[in-house]
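Q: Structure for the following, please:
(chains A and B)
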Amino acid sequence: MWKLCIKNFVRTSVAQVGISAVLIAGIISLLIGRQHLVKQQEAVKQTTIAQNEHIKRNKEFFSSELGLLFYYLKFSLVNELDPINGLSIGQRDVNPSIQSVTIRNLENQRYDTDLYNPAVLHAGNLDLSFVLLYLFPLLIIASCYTVLSADKEAGTWNMTRVQARKPAALIWKSLVIRMGFVFSVFFLLIGLAFVLLPLSINYRFLLFVGTGMAYLLFWFGLCAFIISLNKNSSTNAILLLGCWILLAIILPAGVNNYLTNRYPVPEALSTMVEQREAYHEKWDMEKTPTLKAFYKVYPDYEKYGYPQESFSWLWYYAMQHMGDEESKVHTESFMSKLAKREAVARSISFFIPTLHTQHQFNTLAKAGLENHLLFLKETANFHESVRKKVYPLIFENKQVDEVDWQALAVRKVEQNNQPDWLHVFLPFLVFILMLFGVSLKRMHSMA
Amino acid sequence: MIRKSVCLMLAKHSFFSAVSNRPVQLLMGLIFLLLLYANISSYTQYRQQITTRNYYRELVRNHWEEMPDKHPHRMAHYGYIAFRSIDPLSLFDRGIDTYAGNAIFLEAHKQNTVNFSEAGLSTGLLRFGEITQSMVLQLLVPLLLFFIGFGAIAADRENGTLKMLFSQGTSWKELLLGKCLGLWLLAMVFLLVGMFLLVGTSLSIPELEMNTDWWIRGIGLLLLYSVYFWIIAAITTWVSAISKSAKLSLVSLIGIWLLMGIILPRAIQSGASWVFPAPSKIHFDSMVEQELIKKGDSHDPNDPYYKALKDSVLRAHNVSSIEELPFNYSGFQMKEGERISTELYNQQMAVLLDIYKKQNNLSRVAGWVNPFMPIRLCSMSFSGTDFSSYVRFQTEAENYRYRLAQQMNDWQIQYISNKKPAPGEKGPAISRDFWKAFPAFAYPSTNWKQGLQEAGYPLLMLLAWFLFSVWLLIFRSQKLNAL
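A: Numbering: from 1, shown residues only, chains lettered A, B, ... in the order given. Model prediction:
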C-alpha cells in the first residue's frame, strides 16, 4: 500500500516539477548566501589590514602631535558574523557589519551605512529563508490540495473507502508520504548548506533547523485542515493559495505599514542635527564651561585644568564629546523607538507564523534589528573605551611610541544571547496542534 | 471581420456575471479595502516624513545663516545636511524610496554615506514588502483577474456553451476580444477607484503641491496601468482558451502569477548581484585611498606632488616663502586637494554605479519575457521613486558638497592671511554675511519628461507586450479548438 501511494505521488508532475524547482531555487539561494558570507568575511579581513596600514602611514606624518594623529585614525569594530547568516541574510545587507570610528564625536559616525544597491534590496534577497518561507509552502500546497478531492472527483474514493478498514488512515498516509518528500528536500538543502557554508552544529543551528521544520509542519497542518473540509480540488487550491497570499504577502506587509506609521523615527534626523550644533557652537564659546561639562562626565581628567590658549587638543576633544552628550536625549529616544518597533513586531509575530519564522531566522542569523541595536550600543562602548585609552596620552603630550597599539587593534563583538527554545516553538506548537487536532477529528467523523 | 456589437455584448455579459458572483464580490471588497488601507498608510507616512524633513531642512538652513563670524574652513567642516525630497507620487508607488537613505552630512574632504533609510531602521519585516497602491494594482488585481477569468473560455468549453456560441455565428476573435474586454473593464474599476483615492489623498495633504507635472505623470500612470491590465486580461483569456480544462487553466495562471509576479523578479535581481558583485564600503574606501596616495597625499608634508605644487606657486609669484604670497596658501592647497580627491572619488563612484546599473539591467531585460516587469519599472519612474531618481539626489548632494567646500576654500584664499595669529590673538575669520550668500541645498523633483525618459525602455517592452497580446487574440485564434 505504501509503495503504491509513493509511486502515485512520484508520478505526478507536481512532485517532479515542484520538487526540482524548489531544489534549484534552494541551491541558488545557498550560493547567494555563500557569496554574502564571503563578501562580509573579506571585508572583515580587509579591515584589519587596512587599519594597520592606515595607522602606519599616519604615524609617519603626524607622530609629533598625538592629538592630530588621533584626529585622523580610525578604529574598527566588527559585528561577528554567524555562518547561519548565509541562510538568512536579514538586515545584514543594509546594516553594516563593520564600524570604523575616530575618537571624534560618535553620533556623526555610528549610523553610517554600507554601500548597497537599493534596487536589489527592493527586490529582496533570494536566500534560503525566502525559499523556506515562500516556496516550500507552495510546494506543500501543490502536492496536497488534491489529496482526497482527486479521488473523489475521479470517482475512486467510494471504492477505496469501502475496501479500506480505516479510510481516514489512507488520507493520513498520503499526507505522511508528502511530508516525507518535502522534509527530504528540506534536509537535502540543509545538507548542501553544510557543504557550501562553514556551518557547525550548535544550539543556534539546531534551533534554525527546528524552526524550519515547525514552519513546514504548520503548513501541512493547514493543508490537512483544508482537506478535512471536504471540498473539491479547485476550492482547496484557492483556499490554500488564499492562505498563502494572506500569510506571506498581505498580513506581513500590512503589519509593516502599521509599524512604520505607528512608530515613526524623526529622532534619526534630530540626533543628526543636534550633535552637529552642540559641537560646532563650542568653537565660539568660552572654553571653561565646555571643559567643565567635559570634566563632569570624566572627573578623572579635571587634573588637566583649563587651558586658555586659542587651541588645545584637550579643549577640542571636549567640544567633540559635548556633541554626543548634548544630543543624548535624542539618541536615547531614537534607540528606544527602534527597540519598541522590534518588541511590537515580535509580539505580533507570535500570531502570524510567517512573521514568526522570519523573525526567528533573523535572530538566529544575528541579522535582525535587535542585533543591529546591540551593535550600535557596542559601538558606543567601543568608542568610549578607545577614547579613554587615548585621551590621557593626548592630554599629557605623550610620544607615539608610548601608545599601546595592541590595545587599539580591531575588535569583534560576539552576541551570544541564546534564544529560548520555548519562545521559538510555542506559537508553532499551538497552531500545529490546533490544525492537526481539528482535521483529525473531522476526517474520522467524515470517513 | 470583427463585429463591435458582439464584442461589447460578450464583454458586458462577462463583466456583469463576474460582479454578481458572491465570492468575487468578496474578493473585490477585499481589494477595495486594501486600496483604502494603502492610501491611509501612505498618507500618514508621507505627512510624517514631509513635516519632519521640512522642519529640519529649515532648521539646518537657519542654523547655517545664523553662524557667527568664522574662519571659512571651520564652516567647511560645519558643513550642511541634505535631505532627500519625497516625490508626491510616492503616495502611489513607493518604489525604492524605503530602501534609499534620507539624509546626508556634507563636509569638506569627506564623502559621507546617505543614512537613515527606512529599511535600515526597520525590523526584518519590511522584506515581505509594503502595501501600496502600486503593489495592489501590480500584483493583487491581476491575481483576481486570473481567478475570475480562468474559466472564461475553458468553462464554456467544458459545459458545451462554446459550441452553441459558435453555432450562433460568433467568431473566435469576437469571443476572445469580448471576454478580454470584460475582464479589462473589471480591472479598470479598481484602477479608477485607486486613482480617485490617490487624488483625494493628495488633495488632503496641504504640503503636497498638485501642479501640472503631477497631473501629467498621474495621467501617465493611469494610461500605463490601463495597458498593463489589458495585457493581463489578454493573457487570462488566452490561457483559458488554450487550456483543456478550467482546472488546468487555473493552475497555469496561478503558476504564471507566482513565477512572474513573485519569484522571478526577486530571483533575477538577486542573481544579478551575484553575477555582478559590488564592493563593500571598506573595499570601496580603500580603493579611493589607494588612488589618492598614488596621486599625492596632502597630509604628507613631504609629498612630492604637493611639494612641487608649492615650489611652482612660489616661483610663479617670485617669492621665497608662503608668508609672502598675496593669497592664503593653505586654502589654495586644500582647494587642489579637494579637487583631486573628489575627482578620484567620483571615478570610483562611477564604477560602482556602473555595477549597480548592470545589476538592474538584468532584471530590466527580463521584462521581455516577464509581463509583470515592465509596469514595475515604468511605474517607479513615473512616480519619481526609481533608482535614477535616487542617484540624482546623491549626485546633486555631492555636487553641492563640492561647491560648498570650494567656496569656503576660495574665501579662505581671498580673505585669510597667511600669517598665523600670535598667541592670545583672536583667530582669523570672515563676516557671517558670507554664509547667507551661499544658497541652500535644493534640487528639482522628478518631472514628467525625466520620468518618461527613464521609463523609455520598459515602456517599449510594455508596448511590445500590448501588441503581442492583441496579435495573440486576433491572429492566433484560428488555431484554437472549440472542443
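
Q: Next up, the contacts around A:Y316.
A: Residues in contact with A:Y316 (CB atoms under 8 Å, 6 or more residues apart in numbering or on different chains) are A:G67. Yep, even glycine has a C-beta here, placed from its N, CA and C like the rest.

Q: Do you have the strands of chain A handy? List them.
A: A:75-79, A:98-101, A:411-413 (DSSP state E).

Q: At the geometric centre of chain B, which residue do we find?
A: Nearest to the mean C-alpha position of chain B, by CA atoms, centre = their mean, lies B:D386 at 1.3 Å.

Q: now the closest residue to it other than its chain neighbours: how far from B:P279?
A: Take B:D386 and drop its neighbours on the chain: the residue closest to it by CB to CB, 6 or more residues apart in numbering or on different chains is B:M380, 3.9 Å away. Applying CB to CB, to the nearest Å, the value for B:M380 to B:P279 is 25 Å.

Q: Mind giving me the packing neighbours of the longest helix along chain A?
A: Identified as the longest helix of chain A according to DSSP state H is helix A:19-62. Secondary-structure packing of helix A:19-62 (3 or more CB pairs under 8 Å, 6 or more residues apart in numbering or on different chains; DSSP states H and E): helix A:66-72, strand A:75-79, strand A:98-101, helix A:128-130, helix A:136-144, helix A:167-196, helix B:264-275, helix B:281-295.

Q: which one of those is the most hemmed in?
A: Mean neighbour count (mean count of other CB atoms under 10 Å in any protein chain shown) peaks for helix A:128-130 among the helices and strands packed on helix A:19-62, with a mean of 28.

Q: quick one: is that helix near chain B?
A: Yes. Helix A:128-130 lies within reach of chain B by CB under 8 Å from any CB of the partner chain, at A:F130.

Q: Who are the packing partners of that helix?
A: helix A:19-62, helix A:353-364.

Q: give me phi/psi at A:G124?
A: The phi and psi torsions at A:G124 (degrees, to the nearest 10) take the values phi 100, psi 160.

Q: What's the local residue count around it?
A: A count of nearby residues for A:G124, using other CB atoms under 10 Å in any protein chain shown, gives 21.

Q: doesn't B:L264 make contact with it?
A: No. Using CB atoms under 8 Å, A:G124 is not in contact with B:L264; the gap is 11.9 Å.

Q: Quick one: closest of the helices and strands packed on helix A:19-62 to B:P374.
A: B:P374 lies closest, by CB to CB, to one member of these: helix B:264-275, at 11.5 Å.

Q: Kindly calculate the angle that that closest one makes with helix A:19-62.
A: 40 degrees (axes from the mean of the first three to the mean of the last three CA atoms, to 10 degrees).

Q: chain center to stretch B:8-19: distance?
A: Computed by CA atoms, centre = their mean, to the nearest Å, the chain-centroid distance of stretch B:8-19 equals 37 Å.

Q: next one: stretch B:376-385
A: 6 Å.

Q: Kindly report the residues of the stretch 251-400 of chain B close to chain A.
A: Counting by CB under 8 Å from any CB, the stretch 251-400 of chain B sits next to chain A at B:251, B:254, B:258, B:262-263, B:265-274, B:277-286, B:289, B:293, B:297, B:299-301, B:352, B:355-356, B:359-360, B:363, B:387, B:390.
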